[in-house]
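K.L.:
I would like to see how this sequence folds:
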Amino acid sequence: MKNIFKIPVVLFVSLSIIVSSCKKEDDVVIEPTLINGCTDLNAMNYLLNANFDDGSCIFTYDIAQGIWDISSECDDLIISIPFTGDFPVPLNDMFPESIEITGEGEGVVSMDINGENVLADVSYDGVVTIQDDQKISLDTGDFGVIDVDITGSGMIESASNGDLTLNLAFEIPLAGTQTSSCEIAFTK
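P.N.:
Down below sits the predicted model:
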């Protein structure tokens, strides 16, 4: 008979321990893990899982501006005129060793190429696109100074490097339309 009373007491004590343990678990507050990083969707270094903006955001439009050293690798251009001959045009020589890029607002920058401004759009992810109807002048030597239509695109990879592929098209008297392309590397 004594055992009959012990079973309910043991059950009561066990149940009390279980209920009190549940209450303790309910009282526990789980703190979220703090992940520092850039939380701005428009930044180059946006971090999807960051939940605290640590001020590290990098914006392409901002880092695109400044003085950049450039190196160019242009396709050779030989102008052939019937009954006259072939005339080489040194396209690599038409680009300066450095250019200044300035902000024009709303994601538009201006590149100063030998005193002529070429406008380009800069997207938040670093893509650079030369705007339509951009022209620069080129001294061809034997054929004088001609207007060159310039198009192209590239990428700003970081605050210290980027690249552009430029497509050049121009009209040469007696030789017709000529085209070439140049790979331009930018470094700071």
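
K.L.:
tell me the domain ranges of this structure?
P.N.:
Each domain of the chain is listed here as a residue range: 2-53, 60-187, per automatic domain parsing.

K.L.:
so can I have a markdown table of those domains showing mean pLDDT?
P.N.:
Conversion of the domains of the chain to a markdown table gives the following (pLDDT from 0 to 100):
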| stretch | mean pLDDT |
| --- | --- |
| domain 2-53 | 74 |
| domain 60-187 | 89 |
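
K.L.:
comparing these, which comes out most buried?
P.N.:
Between these, the one whose residues have the most neighbours on average, counting mean count of other C-beta atoms under 10 Å, is domain 60-187 (a mean of 16). Where you see a C-beta, it was placed from the backbone N, CA and C, and this is true even at glycine.

K.L.:
ok, which stretches of the protein are strands?
P.N.:
Here the chain has its strands, by DSSP state E, at 36-37, 52-53, 66-74, 77-81, 85-89, 98-105, 108-113, 116-122, 127-130, 134-139, 145-158, 161-172, 176-187.

K.L.:
would you mind pulling the contact partners of the third one?
P.N.:
Contacting residues not belonging to strand 66-74 are listed as 91-92, 95-101, 162, 168, 180-188 [C-beta atoms under 8 Å, 6 or more residues apart in numbering].

K.L.:
likewise the first one?
P.N.:
Residues from elsewhere that reach strand 36-37 (C-beta under 8 Å, 6+ apart): 45, 47, 49, 50, 52, 53, 54, 56.

K.L.:
residue closest to the middle of the chain?
P.N.:
If you average the C-alpha coordinates of the chain and look for the closest C-alpha using C-alpha atoms, centre = their mean, you land on residue 126, 1.4 Å from that point.

K.L.:
so how far is residue 154 from it?
P.N.:
When distance is defined by C-beta to C-beta, to the nearest Å, residue 126 is 9 Å away from residue 154.
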